[in-house]
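Asks: sequence unavailable; structure follows:
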């Protein structure tokens, strides 16, 4: 079946709160760059779930998604302890892909990072998995 997706014109339909963990920090005492991409991933999965995609959040989903490209612009360091808000919204829709953008705010409401990703929709049931071509 076809999933009808309508992208919002403004606002952030996904705004996830996440506590910064002490272990998220690196030797420089700020959140390690990899954590930002984990936050992006959680946010875009929540966004896809608004449309019935990735409801289980893993390869057992009939309708899934694969990250084709992901980027992050680091604006302000985040440190422990803090609570961040991870925002996500769609920006464009292709035949089998979705572009999203992200905004990350610290507990004081300051913009700490922006980002974007290209996500390719994938049918885990019909298409083979486990091999790169």
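Replies: It's in. Just so it is clear, the model here is predicted, and its values are computed rather than measured.

Asks: all helices of the chain, in order?
Replies: For the chain, helices defined by DSSP state H occupy the ranges 33-49.

Asks: okay, now the unreliable bits of it?
Replies: 1-5, 9, 59, 127-133 (pLDDT under 70).

Asks: pull the contacting residues for residue 36.
Replies: Taking Cβ atoms under 8 Å, 6 or more residues apart in numbering, we find residue 36 in contact with 72, 74, 104, 113, 115. (Each C-beta comes from the backbone N, C-alpha and C, glycine too.)

Asks: filter those residues down to the buried ones and hand me the ChimeraX line.
Replies: In ChimeraX syntax, the buried subset of the contacts of residue 36 is picked out as below (16 or more other Cβ atoms under 10 Å):
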select :72,104,113,115
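
Asks: so which residues of the chain form strands?
Replies: All strands of the chain, identified by DSSP state E, fall at 14-19, 63-74, 83-93, 97-105, 111-123.

Asks: can I get those in TSV including distance to residue 36?
Replies: Compiled in TSV, the strands of the chain are given as follows (distance: least, Cβ to Cβ, whole Å):
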stretch	distance to residue 36
strand 14-19	11
strand 63-74	5
strand 83-93	9
strand 97-105	7
strand 111-123	6
